[in-house]
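# Sequence below, structure please.
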Amino acid sequence: MTDFTTATPSSNSPDRTPRRVRHELRFRQLTVKTVQRVTPHLIRITLTGDALQGFTSPGFDDHAKLFFPDAATGQLTLPTAGPDGPVWPEGGRPAMRDYTPRHHDAQANTLEIDFALHDAGPATQWAEQAKPGDIVGVGGPRGSFIVPTEFDWHLLIGDDTALPAISRRLAELPAGARVVVLAEVDSKADEIPLETQAELTLRWVHREGAAPGLSPVLVDTLKTMVLPAGDFHAWVGCESAIAKALRAHLVGERGANPKWVRASGYWRRGAVATHDTHDE
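Next comes the predicted model:
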């Protein structure tokens, strides 16, 4: 772990205003191409299909909604895109969850999705049983939040569910950028390679068998870390209550500019299909 001085704002900063981009709402039926068990608690599934043409995801923490086939019949129900959002046929809606597209390769016509195995819900069940040829639905992303890279340094904090977004942000940071990553997984066996051209300081922390969302390891570790000097953008993605606590520490104790802290509850312990945003 590299030691740095405590962060202090600098003057004459460039324009660091994030921007939102809207996308045409589309729903796609895709097919499983490959399934890879990356770690004991992470499955990477590569999807393909003609419907993937035109897919776009420029934001590193974009969310696409996955729709899963009926477990009993294998039938997949997808909505159509209406002027006010999705329009569902009669007969109910399928199980659905939000996931960050880990990697989209337009030339290869593939889309990678990482599944963090936290519970026994429909997404985990589908991922653990998935095989080439299976079908799944993908909707969106409906929009992207583009964060500039022109900061003195960057801070990325998250648990297993945030690893795709962290990987994407690291891939897009330019050479010469400085970035600190604090990532929580269950054990050393769950650590994955994180590639970047930026100057990376990486800190893995482990739950060591504690239930996801209950371990204080992210908050406790952040409180002990000495962070770089200068203006920084902080991105947080993990269990909702923990994300809120991390943001409060960064703004209240570390002098982070609230406008430059993006903290998301990727999931909430005791709830299903949630996504919380913790702003000012």
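
# the helices in the stretch 1-150 of the chain, which residues?
122-129 (DSSP state H, counting those that start in this stretch).

# can you give me the strands for it?
With strands called from DSSP state E, counting those that start in this stretch, the stretch 1-150 of the chain shows them at 19-22, 27-39, 42-48, 64-67, 80-82, 85-87, 96-99, 101-105, 110-116, 135-139, 143-146.

# Centre of the chain to the fourth one, how far?
For strand 64-67, the distance from its own C-alpha centre to the chain's C-alpha centre is 13 Å (C-alpha atoms, centre = their mean, to the nearest Å).

# Pull the residues that contact that strand.
27, 57, 76-78, 94-101, 113, 123, 136-141 (C-beta atoms under 8 Å, 6 or more residues apart in numbering). (Glycine included, C-beta is placed from N, CA and C.)

# hmm, 10 Å instead?
By C-beta atoms under 10 Å, 6 or more residues apart in numbering, the surrounding residues in contact with strand 64-67 are 27-30, 45, 47, 55, 57, 76-79, 86, 93-101, 104, 111, 113, 115, 122-123, 126-127, 135-142, 273.

# Tell me the buried residues within these.
Buried members of the contacts of strand 64-67, counted by 16 or more other C-beta atoms under 10 Å: 27-30, 45, 47, 55, 57, 78-79, 86, 94-95, 97-101, 104, 111, 113, 115, 122-123, 126-127, 135-142.

# what about Val251, neighbour count?
17 (other C-beta atoms under 10 Å).

# repeat for the one 5 residues further on
The number of residues packed around Ala256, counting by other C-beta under 10 Å, is 21.

# where does it land on pLDDT?
According to the prediction, Ala256 has pLDDT 95.

# quick one: the residue lying farthest from the centre of the chain from Leu222, how far?
Relative to the mean C-alpha coordinate of the chain, counting by C-alpha atoms, centre = their mean, the farthest residue is Glu90 (31.9 Å). To Leu222, Glu90 is 49 Å away according to C-beta to C-beta, to the nearest Å.

# which intervals of the protein have sub-threshold pLDDT?
1-13, 270-276, 278, 280 (pLDDT under 70).

# for the residue lying closest to Thr149 once chain neighbours are set aside, what are its contacts?
Nearest residue to Thr149, sequence neighbours excluded (C-beta to C-beta, 6 or more residues apart in numbering): Leu173, at 5.8 Å. Residues in contact with Leu173 (C-beta under 10 Å, 6+ apart) are Phe60, Thr149, Phe151, His154, Leu156, Val179, Thr196, Gln197, Ala198, Glu199, Leu200.

# Report the two of those separated the most.
Phe60 and Glu199 (18.0 Å; C-beta to C-beta).

# more crowded one of the two?
Phe60 (23 against 15).

# And the more buried one, how far from Gly237?
Distance from Phe60 to Gly237, by C-beta to C-beta: 10 Å.

# what's the answer for Asp114, then?
Relative to Gly237, Asp114 is positioned 13 Å away (C-beta to C-beta).

# and for the two, which residues touch both?
Common neighbours of Asp114 and Gly237 (C-beta under 10 Å, 6+ apart) are Thr100, Thr161, Leu163, Pro164, Ala165.

# In strands only, show me these.
Among the shared contacts of Asp114 and Gly237, no member falls in strands (criterion: DSSP state E).

# Cross-reference those residues with the helices and report the matches.
Leu163, Pro164, Ala165 (DSSP state H).

# Dump those residues to JSON lines, plus neighbour count and distance to Leu246.
Below are these laid out as JSON lines (neighbours: other C-beta atoms under 10 Å; distance: C-beta to C-beta, whole Å):
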{"residue": "Leu163", "neighbour count": "26", "distance to Leu246": "16"}
{"residue": "Pro164", "neighbour count": "26", "distance to Leu246": "19"}
{"residue": "Ala165", "neighbour count": "24", "distance to Leu246": "15"}
